[in-house]
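**Q** no FASTA, just this:
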């Protein structure tokens, strides 16, 4: 794996809800690139993060879930923020996804974005990780916004 995709750690993570906007896509024929770019554009243009009720922190989460198989099959992506509780009504057009507590292999994609993130995902797809394909997460925390660092944590659900 490239330096930007260096393995950081394996840890138990999850047990929280992310609220935001979603799309179902597939990694065939650039469809995912178009769908994901459009979802990110909508997230920022419509200030979705500001409209999420009961937001718990400022980090942005991209949650890959509802996989219909491996990374070559359709899946759902939800971009949003972690919420402090999950028994509330969401604004129209928003979804919520529960990130299950599980074992995640964590990679740090740092440097020029989205290049580092794309390289990290490419390395993950080619790896021999024993993935669960239940839930994967990208976390855009404070280190993402640091000049020169632009770190995205990529958390891949793996078998224990």
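**A** On my side now, so go ahead. These figures come from a predicted structure and were not determined experimentally.

**Q** Residues touching stretch 29-44, excluding its own?
**A** 20-23, 25-26, 48-49, 60, 77, 79-80 (CB atoms under 8 Å, 6 or more residues apart in numbering). The way it works is simple: take the backbone N, C-alpha and C, and place the C-beta from them, glycine included.

**Q** And these, which of them are buried?
**A** 20-23, 25, 48-49, 60, 77, 79-80 (16 or more other CB atoms under 10 Å).

**Q** ok so, going back, now, the most widely separated pair of the contacts of stretch 29-44?
**A** Farthest pair in the contacts of stretch 29-44 (CB to CB) is 26 and 49. Separation: 25.9 Å.

**Q** picking up where we left off before, out of the buried ones among the contacts of stretch 29-44, which sit inside strands?
**A** Of the positions in these, 20-23, 25, 60, 77, 79-80 sit in strands, assigned by DSSP state E.

**Q** Reformat these as CSV; add distance to residue 104 and pLDDT.
**A** Conversion of those to CSV gives the following (distance: CB to CB, whole Å; pLDDT from 0 to 100):
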residue, distance to residue 104, pLDDT
20, 19, 97
21, 23, 98
22, 20, 98
23, 22, 97
25, 22, 96
60, 17, 97
77, 17, 98
79, 18, 98
80, 18, 98
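
**Q** So, low pLDDT: which residues of this structure?
**A** Applying pLDDT under 70 to the chain picks out residues 1-11.

**Q** Name the secondary structure element that contains the nearest residue to residue 64 once chain neighbours are set aside.
**A** Nearest non-adjacent residue to residue 64, counting by CB to CB, 6 or more residues apart in numbering: residue 136, 4.3 Å away. If you go by DSSP states H and E, residue 136 is part of strand 131-140.

**Q** Show me what that strand is packed against.
**A** Packing partners of strand 131-140 (3 or more CB pairs under 8 Å, 6 or more residues apart in numbering; DSSP states H and E): strand 60-65, strand 95-99, strand 102-109, strand 152-158.
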